[in-house]
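K.L.:
Sequence unavailable; structure follows:
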C-alpha cells in the first residue's frame, strides 16, 4: 500500500463535501442558532441578578417573565436546530460515506490480479466498512464541532472581556499550554488508532480464511488449532486497542486537569477581584456560567481530536487503496470490438510477475487459427495457466505481443476483449443467489428460453429441475449446496449463454469424479464446437482430439503437434501420457 500524508488526505477528502455544501451550510446555520441560544443564558442570569439587587419586586417579576418567555422561545429554536443537526447532519455523513464506499468498490473493480495476489480480503473489508464508518462521524461532526466551538470560544472571549478583561486574559493564557499537551498526545493517538485498524483487518482476514475453509478444518479435526490461531490474533487486537486507550486516557485526563486549572484560576482571581471591587456578584455569576460554556467548548474541541484521529486514519487507509494505480487499463488507441473471429498469435512473448525476478514464460510464439482446439500440457509451474491468463489481459506481458484477428490485445478495449472470451476454471465460483442468477451472470438480458437452452447444452437442465425450486433454488454461499459436478455444469451454462468466440478451459474436469467428468466433458465438447479453444489439461485422455497439443515446461515449448504425432516422437508428451495411462 502506498503511504499518504494528512494534508493531502484532507484535500482529497474535500471533494466529497462539495455536492453537499448547501445542506452543510444550513447545518452550520442551525449550529450557530443553537450556540447563540446557549450563550444568551448567562446574560439573562446576569441581568436578573442585577435587577434583583435593586430590590424592586414588581420590576423583577416583569423582567423574569419577559426573559423567561424569551428564553423559552430560544429553547424552542434550539430544539429544532438540534433536531436538524442530529438528523440532516448525520444523513450528510452517511451520504459521504456511501459515495466513498461506491468509489472504493469501483476502484477495486479496476485493480488487476496483481493487486489481489498480494492483498488480504479481510483487510479490504475492514477498510470498506469499519474505516468508512469513522469517516462518516468525522464528516458530520468535523465542520459542526469546529464551527460551534469557534463561535463559543470567540463569543465567550468577547463577552468575558466586557465583564472583566484581566480575568479573561488570565483564563485564556492557560489555553496555549493546554493545546501543547493536545499536540503532544495527538501523534501517539494517530499511530495507535492506525495500528488498531490494521489489526482488526488482520483478524477479519483470519476469520474469513477459517470460515471459508471450515470443511477442511473439520476434516482434519483442527478446530483447536484454529482457535489457538484466532486467540493469538484476538490478543494482538486486544493489545493494539489497549494501547490506543492508553493514549486516549492520557489525552482525556490531561484535558480534565486543565479544566480544573481554569476553574481554580476563576475561583481565586475572581474572588480577589470581587474583594477589591473590580467585579460585582452578578458579573462573577455570569462569568462562572460563561467559563462553564468556554471549558465545555474547549473540551469538546479537544476531545474532537480523538474523533479527528479516527477519521483521518480512516481517510488515510481509504486513500491508500484509491492511490493504487491499476496496472492494466485501456490504452489511448484501444477501441471497442463487437465480435472477434478468434485468430490468435503469440509473438515472442515473455512474462514475469511484478514481485518476482524469474520469468515464467520466455520467448513463446504460437499461431492459433479460428476454431482451433489447442491443448496445453506439461508439469506444474510450467506457465500453462499464466499463458492463458495473458489472452484476456488478466496480466500484461513483459515483452512481446498477442494479437487477435491481427489486432494487438492492447488496442482492444478491456471490456470488449473479455466479452469475447469465456473462461471455465477448475475452481468454480458461484455467487450467493439462485441458479438462474448465476447462469445469467454471463448475459443479464437473456430470456428464460435462452437460459434453459444454455443449461441443456451444459447438461445441467435435468438436475436443476430436480432441485426444490428449480432455477430459483438458492445455491448457498459459493454454491455450497451443490456438488462439484453441478457447480461446474452451471459455470459451463454461464459461458454457453455468454456465447464467446474464444474459450479457455483451465483443468475444468480435474476435480470431478468419473461420472461427473463424463457429463461435464460432453458439455465442454459441445461448448468448444466452432470456438477457438485453449484447454489446460490434467487428464490427458480428454485432449486426444485436440487440433494441436503444446507441451509447456519451465524452459518453454518443448514440443507441439497432434496426439498421434507426439506419441510417435516418443518425447516429453509421450512420457507424460504413458505415466498418466499407467495410473488409470
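P.N.:
Everything's here; your move. Treat the numbers as computed from the prediction; the structure is a model and nothing was measured.

K.L.:
Next secondary structure after the helix or strand of the chain with the lowest mean pLDDT?
P.N.:
Across the helices and strands of the chain, mean confidence by mean pLDDT, DSSP states H and E is lowest for helix 214-219: a mean of 66. Following helix 214-219 in sequence order, the next helix or strand is helix 223-275 (DSSP states H and E).

K.L.:
Now do that next one: which elements does it pack against?
P.N.:
helix 165-212, helix 281-322 (3 or more C-beta pairs under 8 Å, 6 or more residues apart in numbering; DSSP states H and E). Any C-beta I mention is one placed from the backbone N, CA and C, and that applies to glycine too.

K.L.:
For the stretch 301-450 of the chain, give me the ranges with low pLDDT.
P.N.:
Flagging of the stretch 301-450 of the chain using pLDDT under 70 yields the residue ranges 303, 306, 355-357.

K.L.:
ranges for the helices of it?
P.N.:
Here the stretch 301-450 of the chain has its helices, by DSSP state H, counting those that start in this stretch, at 384-389, 414-419, 435-439, 448-457.

K.L.:
looking at those helices, which is buried most?
P.N.:
helix 435-439 (a mean of 23; mean count of other C-beta atoms under 10 Å).

K.L.:
ok, and what's touching that helix?
P.N.:
Helix 435-439 has contacts (C-beta atoms under 8 Å, 6 or more residues apart in numbering) with 430-431, 446, 451, 454-455, 464, 467, 470-473, 475, 479, 490, 493-494, 497.

K.L.:
And the buried ones among those, selectable in ChimeraX?
P.N.:
Applied in ChimeraX, the following selects the buried portion of these according to 16 or more other C-beta atoms under 10 Å:
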select :430,446,451,454,455,464,467,471,473,475,479,490,493,494,497
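
K.L.:
which residues of the stretch 1-150 of the chain score low on pLDDT?
P.N.:
1-7, 50-60.

K.L.:
In it, what residue spans correspond to strands?
P.N.:
Assigned by DSSP state E, counting those that start in this stretch, the strands in the stretch 1-150 of the chain number zero.

K.L.:
mind listing the helices for it?
P.N.:
Going by DSSP H, counting those that start in this stretch, the stretch 1-150 of the chain shows helices at 6-14, 21-54, 57-84, 90-110, 113-118, 121-128, 130-163.

K.L.:
Now the ones you listed in a markdown table, please, with extra columns for distance to residue 273 and mean neighbour count.
P.N.:
Listed next are those as a markdown table, based on distance: least, C-beta to C-beta, whole Å; neighbours: other C-beta atoms under 10 Å:
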| stretch | distance to residue 273 | mean neighbour count |
| --- | --- | --- |
| helix 6-14 | 43 | 14 |
| helix 21-54 | 15 | 17 |
| helix 57-84 | 26 | 13 |
| helix 90-110 | 44 | 16 |
| helix 113-118 | 66 | 14 |
| helix 121-128 | 55 | 18 |
| helix 130-163 | 10 | 19 |
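
K.L.:
so what's the residue minimising distance to the centre of the chain up against?
P.N.:
Nearest to the mean C-alpha position of the chain, counting by C-alpha atoms, centre = their mean, stands residue 128 at 2.9 Å. By C-beta under 8 Å, 6+ apart, residue 128 lies in contact with 101, 104, 105, 108.

K.L.:
could the residues you listed be laid out in TSV, adding distance to residue 38?
P.N.:
Output for the contacts of residue 128, formatted as TSV (distance: C-beta to C-beta, whole Å):
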residue	distance to residue 38
101	35
104	38
105	41
108	45
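
K.L.:
what's the closest of these to residue 285?
P.N.:
residue 101 (50.4 Å; C-beta to C-beta).

K.L.:
give me every residue that touches the closest one.
P.N.:
128, 132.

K.L.:
Name the residues of stretch 307-322 that come out as buried.
P.N.:
307-319, 321-322.

K.L.:
ok, of those residues, which one's closest to residue 66?
P.N.:
residue 307 (40.2 Å).

K.L.:
Distance of that closest one relative to residue 187?
P.N.:
16 Å (C-beta to C-beta, to the nearest Å).

K.L.:
same check, this time on residue 177
P.N.:
18 Å.

K.L.:
roughly how far is stretch 139-151 from the heart of the chain?
P.N.:
27 Å (C-alpha atoms, centre = their mean, to the nearest Å).

K.L.:
next one: stretch 563-579
P.N.:
With C-alpha atoms, centre = their mean, you get 49 Å for stretch 563-579.

K.L.:
Please work out the average pLDDT along it.
P.N.:
The average pLDDT within stretch 563-579 is 85.

K.L.:
how about that stretch: buried residues?
P.N.:
Of the residues in stretch 563-579, 563, 566, 572, 573, 576, 577 count as buried by neighbour count, 16+ other C-beta under 10 Å.

K.L.:
Of those, which is the nearest to residue 400?
P.N.:
Closest to residue 400, out of all of the buried residues of stretch 563-579 and judged by C-beta to C-beta, is residue 572, at 23.4 Å.

K.L.:
wait, the closest one sits on residue 561?
P.N.:
No: counting by C-beta atoms under 8 Å, residue 572 sits too far from residue 561 to count as a contact (11.4 Å).

K.L.:
circling back: got the helices of the stretch 301-450 of the chain as JSON lines, with distance to residue 38 columns?
P.N.:
Shown next, in JSON lines, are the helices of the stretch 301-450 of the chain (distance: least, C-beta to C-beta, whole Å):
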{"stretch": "helix 384-389", "distance to residue 38": "64"}
{"stretch": "helix 414-419", "distance to residue 38": "57"}
{"stretch": "helix 435-439", "distance to residue 38": "55"}
{"stretch": "helix 448-457", "distance to residue 38": "64"}
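
K.L.:
For residue 343, which of those is the nearest?
P.N.:
Once the helices of the stretch 301-450 of the chain are compared by C-beta to C-beta, helix 414-419 is nearest, at 14.3 Å.

K.L.:
so how far is that closest one off the chain centroid?
P.N.:
25 Å.

K.L.:
What ranges in the stretch 451-584 of the chain fall below the confidence cut-off?
P.N.:
509-516, 580-584.

K.L.:
Does residue 283 touch residue 46 like I think?
P.N.:
Yes: using C-beta under 8 Å, residue 283 is in contact with residue 46, at 6.6 Å.

K.L.:
residues near the nearest residue to residue 43 once chain neighbours are set aside, how many?
P.N.:
Excluding its sequence neighbours, the residue lying closest to residue 43 (C-beta to C-beta, 6 or more residues apart in numbering) is residue 286, at 6.8 Å. By other C-beta atoms under 10 Å, 24 other residues sit near residue 286.

K.L.:
next one: phi and psi at residue 381?
P.N.:
phi 90, psi 0 (degrees, to the nearest 10).

K.L.:
For the residue nearest to it when sequence neighbours are not counted, give me its contacts.
P.N.:
Spatial nearest neighbour of residue 381, excluding adjacent residues (C-beta to C-beta, 6+ apart): residue 554 at 6.4 Å. Each residue near residue 554 by C-beta under 8 Å, 6+ apart is listed here: 379, 381, 382, 383.

K.L.:
can you put those residues in CSV and add neighbour count and distance to residue 483?
P.N.:
Below are the contacts of residue 554 laid out as CSV (neighbours: other C-beta atoms under 10 Å; distance: C-beta to C-beta, whole Å):
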residue, neighbour count, distance to residue 483
379, 12, 30
381, 10, 30
382, 21, 30
383, 21, 31
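
K.L.:
mind listing what residue 88 touches?
P.N.:
Residue 88 is in contact with 23, 26, 27, counting by C-beta under 8 Å, 6+ apart.

K.L.:
mind redoing it with 7 Å?
P.N.:
23, 27 (C-beta atoms under 7 Å, 6 or more residues apart in numbering).

K.L.:
how close does it sit to residue 361?
P.N.:
Counting by C-beta to C-beta - residue 88 and residue 361 are separated by 58 Å.

K.L.:
ok, and the closest non-adjacent residue to residue 193?
P.N.:
Spatially, and ignoring its direct neighbours in sequence, residue 193 is nearest to residue 313 (4.6 Å; C-beta to C-beta, 6+ apart).

K.L.:
repeat for residue 202
P.N.:
Closest to residue 202 by C-beta to C-beta, 6+ apart is residue 233, at 6.1 Å.

K.L.:
If we ignore the residues flanking it in sequence, what's nearest residue 477?
P.N.:
Nearest residue to residue 477 in three dimensions, chain neighbours excluded: residue 432, at 4.9 Å (C-beta to C-beta, 6+ apart).
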